[in-house]
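S.K.: got a structure for you, letters missing:
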């Protein structure tokens, strides 16, 4: 059953982006860290509430053909678009339905993972209660539910901008006019208020946020008059009324103490380790968090309250780690400095840790099991590793502590079920089907890491479409030359220009680039 009335999401389609934090591998990894027994991702059932056009589920269904995925949404137009995409990709493990959250009953089935991204803060209170009810009635005994929402206290600043925009566009009907005029108002105010005034700084930060957002997101997230932020504890208390409990944030670094200023650590010591909700709420106060991605599970599960560093031995690890300056010799003395994709610094003077970080960086975006990483790090140290013989166990303890600290500060990743990708160029390389389909449309490509990469160059996108597993390197060179040849029409601005040079070396180089972007299937 569905409601017949069109929704704002029929008028303005919400972008169908992947949501990395909702990936079942991430949910399973965190659940296992906290002592649960999550369903294996290669054979699981996933439900998404408010799936839109299904961009998140489509990518998951392509990755895990033996798992089953169901998405529902109240926007008939969004579901229609999504169903066309599913049919084109010939996905038999994904079903998208025009369906109301209010109509989901136990008969809908049981799911190992339930996702609700960008819904909770943007629906009426009755629907929010029903969402929590669905989590309880349709979640498998060891299942994990993901719910995102706008949070206080950070959303107070966002609300200030929202309320001004909503007043400014109150008499406008055209969505694009609302978006343009709302942004313009905040831009003008941010420029007129002196920079030294705190209010001006707040408005400038809000304008920067709005400037970077897609128009459709501004329309639905900021210009929805009914959007409601919450304090963290309010969401958890609502979940507890339905027999659910707080598990973690989808980003472990936000839930774990990691490396924090002393004054925050002193505050957190006032709460027992078991008082996770209180700790999280006070952390929000300090961090002025404005958005949360919370994981819930059934209330009867006994969760692990302390996570030891050596737990990482049971997982795959991945990390974009590069030396800050020049080559690093791990066996040499002194501190070596590294950085991740965000430019965040990571340093170590421990030879085995330095070797492991170099190994992770060279393997990126592939993940490696801890035993294999340890073996590779020892091999990289060479003769210097022999000297650690009598103290090898202590050296491994130091390594695991360093890697766990890096994970706790969001510098490396842990995986139970890592993406099946490769950086190696095979005889007949194959990019993911979804990436090849998206390359036909535009520059935004979903990779096998469930994130978006941008390929602006049209020739590069043509090349990506050719990497379908049927061509060897020589055939790719031949077909790319033909595909990259400019049109001969007199009206074509490129007519008469020489075709880009295509050589075996350039094709191999670009295949390695596709691998580094997480686009080549293993």
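M.R.: Structure received. All of these numbers come straight from a predicted model, not from anything done at the bench.
S.K.: any low-confidence regions in the chain?
M.R.: Residues of the chain meeting the criterion pLDDT under 70: 1-4, 256-260, 273, 387-388, 485-500.
S.K.: walk me through the domains of it.
M.R.: 8-150+229-298, 155-222, 309-415, 433-516 (automatic domain parsing).
S.K.: count of neighbours near the residue nearest to residue 224 when sequence neighbours are not counted?
M.R.: With Cβ to Cβ, 6 or more residues apart in numbering as the criterion, residue 224 has its nearest non-adjacent residue at 5.7 Å, and that residue is residue 122. Heads up, the C-betas are built off the backbone N, CA and C, glycines and all. As a burial measure, residue 122 scores 19 neighbours (other Cβ atoms under 10 Å).
S.K.: just residue 35 next, same as before
M.R.: Residue neighbour count, defined by other Cβ under 10 Å, stands at 12 for residue 35.
S.K.: doesn't it lie inside a strand?
M.R.: No: Residue 35 sits outside any strand when classified using DSSP: H, G, I helix; E, B strand; the rest coil, being coil.
S.K.: verify the stated contact: it with residue 303.
M.R.: Yes: the pair formed by residue 35 and residue 303 meets the contact definition of Cβ atoms under 8 Å, at 5.6 Å.
S.K.: shared neighbours of those two, anything?
M.R.: Listed as contacting both residue 35 and residue 303 by Cβ atoms under 8 Å, 6 or more residues apart in numbering is no residue at all.
S.K.: need the domains of the chain in CSV (columns: distance to residue 522).
M.R.: As requested, those are arranged in CSV below (distance: least, Cβ to Cβ, whole Å):
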stretch, distance to residue 522
domain 8-150+229-298, 11
domain 155-222, 32
domain 309-415, 8
domain 433-516, 9
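S.K.: of all those domains, which one is nearest residue 427?
M.R.: Proximity of the domains of the chain to residue 427 was assessed by Cβ to Cβ; the nearest stretch is domain 433-516, lying at 5.8 Å.
S.K.: so what does the longest strand seen in the chain touch, helix or strand wise?
M.R.: Scanning the chain for the strand with the most residues, using DSSP state E, yields strand 139-150. Helices and strands touching strand 139-150, by 3 or more Cβ pairs under 8 Å, 6 or more residues apart in numbering; DSSP states H and E, are helix 24-33, strand 111-116, helix 125-138, strand 291-298.
S.K.: of the ones you listed, which stretch is the most buried?
M.R.: With neighbours defined by mean count of other Cβ atoms under 10 Å, none of the helices and strands packed on strand 139-150 is more surrounded on average than strand 111-116, at a mean of 26.
S.K.: that one vs strand 139-150, what angle?
M.R.: Here the directions of strand 111-116 and strand 139-150 differ by 10 degrees (axes from the mean of the first three to the mean of the last three Cα atoms, to 10 degrees).
S.K.: now strand 111-116 against strand 291-298, angle please.
M.R.: With the same axes, to 10 degrees applied, the angle from strand 111-116 to strand 291-298 works out at 150 degrees.
S.K.: which residues touch strand 111-116?
M.R.: Under the contact criterion Cβ under 8 Å, 6+ apart, strand 111-116 has outside partners 19, 22, 24, 27-28, 38-39, 44-50, 56, 70, 131, 134-135, 138-140, 142-148.
S.K.: can you give me the buried ones in the very next helix or strand once past the longest strand of the chain?
M.R.: For strand 139-150, the succeeding helix or strand toward the C-terminus, using DSSP states H and E, is helix 155-168. Applying a neighbour-count criterion of 16 or more other Cβ atoms under 10 Å, one finds 155, 157, 158, 159, 161, 162, 164, 165, 166 buried in helix 155-168.
S.K.: elements contacting helix 155-168?
M.R.: In terms of contacts (3+ Cβ pairs under 8 Å, 6+ apart), helix 155-168 is packed against helix 175-192, helix 198-212.
S.K.: export these as TSV, with columns for mean neighbour count and distance to residue 408.
M.R.: Conversion of those to TSV gives the following (neighbours: other Cβ atoms under 10 Å; distance: least, Cβ to Cβ, whole Å):
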stretch	mean neighbour count	distance to residue 408
helix 175-192	17	35
helix 198-212	16	27
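S.K.: can you put those helices in TSV and add distance to residue 367?
M.R.: As requested, the helices and strands packed on helix 155-168 are arranged in TSV below (distance: least, Cβ to Cβ, whole Å):
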stretch	distance to residue 367
helix 175-192	39
helix 198-212	29
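S.K.: measure stretch 383-398 end to end?
M.R.: Terminal residues of stretch 383-398 lie 19 Å apart, using Cα to Cα, to the nearest Å.
S.K.: so which bits of it are buried?
M.R.: Residues 384, 385, 388, 395, 396, 398 are the ones in stretch 383-398 that count as buried (16+ other Cβ under 10 Å).
S.K.: quick one: the first one and residue 288, what's the gap?
M.R.: Residue 384 sits 46 Å away from residue 288, taking Cβ to Cβ, to the nearest Å as the criterion.
S.K.: other SSEs contacting the helix or strand containing residue 354?
M.R.: Take DSSP H and E as the rule and residue 354 turns out to sit in helix 351-363. With contacts defined as 3+ Cβ pairs under 8 Å, 6+ apart, the packing partners of helix 351-363 are strand 316-318, strand 322-323, strand 336-339, strand 345-348, helix 370-381, helix 392-408.
S.K.: which positions in that helix come out as buried?
M.R.: For helix 351-363, the buried set under the neighbour-count rule, 16+ other Cβ under 10 Å, comprises 351, 352, 353, 354, 355, 356, 357, 358, 359, 360, 361, 363.
S.K.: in the stretch 401-522 of the chain, which spans are helices?
M.R.: Counting by DSSP state H, counting those that start in this stretch, the stretch 401-522 of the chain has helices at residues 433-439, 458-466, 473-484, 504-516.
S.K.: other residues contacting the first one?
M.R.: Contact partners of helix 433-439, identified using Cβ under 8 Å, 6+ apart, comprise 58-59, 62, 88-89, 444-448, 455, 461-462, 464-465, 467-468, 519.
S.K.: now, which of those lie within strands?
M.R.: Using DSSP E to define strands, the subset of those located there is 444, 445, 446.
S.K.: adding neighbour count and distance to residue 474, write those residues out as a markdown table.
M.R.: A markdown table is the format used below for the ones in strands among the contacts of helix 433-439 (neighbours: other Cβ atoms under 10 Å; distance: Cβ to Cβ, whole Å):
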| residue | neighbour count | distance to residue 474 |
| --- | --- | --- |
| 444 | 14 | 31 |
| 445 | 25 | 25 |
| 446 | 25 | 29 |
